[in-house]
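Undergrad: Give me coordinates for this.
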Amino acid sequence: MSTQQTLPDASVAFYQYGQRLSVAVVLELRRLWRRMSLDDIDQSWAGIATDAVTTVAAMQVAGAREAGSYVGEVLDEQGMNAPSVGRVEPLAFARGSSGLPLPEVLATVPARVKREIGNGARDVALARGLTLLEGIGRTQVADASRLATAANGIIRPDVQWYTRVLNPPSCGRCAVLAGAQYRMQEAFDRHLNCDCRHLPSTVAAPEGRLVDPRAYFDGLSPAEQDEHFGKGVAQRIRDGEDLVKAVNASRDNYRVRLAGERQAAKDAATGLTEIVSPQTFMESLVHRVNRDQAIRNLADAGFVAA
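TA: As a prediction, the model looks like this:
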């Protein structure tokens, strides 16, 4: 399978490191989850919650620390000089990527198990809880790495851009954004389990750095196309429909359904704190302000030391 991406060696190594962190966090969370019991959800969760939080936090810090090395190395590899005016604190990324404390984020997992039981799905409640826990773990670790990459770019005033790159295998929602370039202070849109990354740069990317999303799609087997894009969407693309239009139509339907599911979950879980997106959180610090103010905001939030 060809991803049709031409990436610096530092990017490839960084993505591979992220994949290893993702596997490690999932394996440890699965081990802890074996101690969960439907007979006493609160008590069994209390027995593993601290270890679960510690596991995710440790992987977040590891990813954030590696992001600092990555940004410097990938800029050097591209022949770009971009001195920093501060220092990113990796330990600060051991939190929910929405800005909430990590224990609050993970507490949505036992709440999900209880909702499943209340909805009559007791036989699959633990399995669905584990799926959510794994998704949160992977996403929080990837988010820490992404946010740390962004912060390390922002403290380098000459870094003006980042290109969004895939970390295959990737879904259609990510594929349509492959190669898109953004200002460094723009938020990184992502979904649960997304592991796409930044490629920071001091200049706009040259044409052809990344081939269009159709090249990625064509590099997949039909079975892989169905798996990552959805059977209906994949078939429409194979039948000649524009890939971006086909995926975006599916995304629109997904957003409508997700909005309903989120509202239902909030209605069923009165008292739970709504988890704000990392895009909103990061934008609150760096969006629509100049670079100096963005750095001050990151410092006030504990992410950057002057």
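
Undergrad: When you work out contacts or count neighbours from here on, use the C-alpha atoms and nothing else.
TA: Will do.

Undergrad: Confirm for me that residue 244 is in contact with residue 178.
TA: No. Judged on Cα atoms under 8 Å, residue 244 makes no contact with residue 178 at a distance of 11.1 Å.

Undergrad: joint contacts of these two?
TA: Shared contacts of residue 244 and residue 178, defined by Cα atoms under 8 Å, 6 or more residues apart in numbering, are found at residue 213.

Undergrad: Which one's more surrounded, these two?
TA: Neighbours around residue 244 and residue 178, counted as other Cα atoms under 10 Å, are more numerous at residue 178. The numbers are 23 against 18.

Undergrad: From residue 182, how far out is the closest residue to residue 183 other than its chain neighbours?
TA: Nearest residue to residue 183 in three dimensions, chain neighbours excluded: residue 161, at 4.6 Å (Cα to Cα, 6 or more residues apart in numbering). According to Cα to Cα, to the nearest Å, residue 161 stands 6 Å off from residue 182.

Undergrad: Which one's more surrounded, those two?
TA: residue 161 (22 against 17).

Undergrad: What ranges does this protein have for its strands?
TA: Secondary structure of the chain (DSSP state E): strands located at 87-88, 161-165, 181-183, 197-201, 304-305.

Undergrad: Identify, out of these, the most deeply packed stretch.
TA: strand 197-201 (a mean of 26; mean count of other Cα atoms under 10 Å).

Undergrad: I'd like to check what contacts that strand. Which residues are they?
TA: Contacts for strand 197-201 (Cα under 8 Å, 6+ apart): 11, 15, 71, 74-75, 80, 146, 149-150, 153, 159-167, 184.

Undergrad: where in this protein is pLDDT low?
TA: 1-6, 167-168, 191-192, 205-212, 250-280, 283, 306 (pLDDT under 70).

Undergrad: Now with 80, please.
TA: 1-7, 164-180, 184-198, 204-216, 249-284, 287-288, 306 (pLDDT under 80).

Undergrad: Hmm, residue 180 and residue 174 touching each other?
TA: No. Counting by Cα under 8 Å, residue 174 does not reach residue 180; the two are 10.3 Å apart.

Undergrad: Looking at those two, which one has more neighbours?
TA: residue 174 (24 against 14).

Undergrad: Kindly report which residue of this structure is located farthest from the centre.
TA: Most distant residue from the mean C-alpha position of the chain: residue 39, 33.3 Å away (Cα atoms, centre = their mean).

Undergrad: what about that one, distance to residue 125?
TA: Taken as Cα to Cα, the span from residue 39 to residue 125 is 12 Å.

Undergrad: and whichever helix in the chain runs longest with strand 197-201, angle?
TA: Counting residues, the longest helix found in the chain (DSSP state H) is helix 41-77. If you take axes from the mean of the first three to the mean of the last three Cα atoms, to 10 degrees, helix 41-77 sits at 30 degrees to strand 197-201.

Undergrad: quick revisit: thinking the residue nearest to residue 183 is in contact with residue 180, fair?
TA: No. Using Cα under 8 Å, residue 161 is not in contact with residue 180; the gap is 10.4 Å.

Undergrad: so where do the helices sit in the chain?
TA: Under DSSP H, the chain gives helices at 9-33, 41-77, 102-106, 108-118, 122-154, 172-175, 213-218, 222-229, 231-238, 243-268, 278-286, 291-300.

Undergrad: Turn these into JSON lines, columns for distance to residue 190.
TA: Below are the helices of the chain laid out as JSON lines (distance: least, Cα to Cα, whole Å):
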{"stretch": "helix 9-33", "distance to residue 190": "16"}
{"stretch": "helix 41-77", "distance to residue 190": "17"}
{"stretch": "helix 102-106", "distance to residue 190": "17"}
{"stretch": "helix 108-118", "distance to residue 190": "19"}
{"stretch": "helix 122-154", "distance to residue 190": "9"}
{"stretch": "helix 172-175", "distance to residue 190": "8"}
{"stretch": "helix 213-218", "distance to residue 190": "17"}
{"stretch": "helix 222-229", "distance to residue 190": "15"}
{"stretch": "helix 231-238", "distance to residue 190": "20"}
{"stretch": "helix 243-268", "distance to residue 190": "12"}
{"stretch": "helix 278-286", "distance to residue 190": "8"}
{"stretch": "helix 291-300", "distance to residue 190": "21"}
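
Undergrad: Ok, which of the ones you listed comes nearest residue 203?
TA: Of all those, it is helix 41-77 that lies closest to residue 203, at 10.7 Å by Cα to Cα.

Undergrad: Pull out the buried residues from that closest one.
TA: 41, 44-45, 48-49, 52-53, 55-68, 70-75 (16 or more other Cα atoms under 10 Å).

Undergrad: Noted, bye for now.
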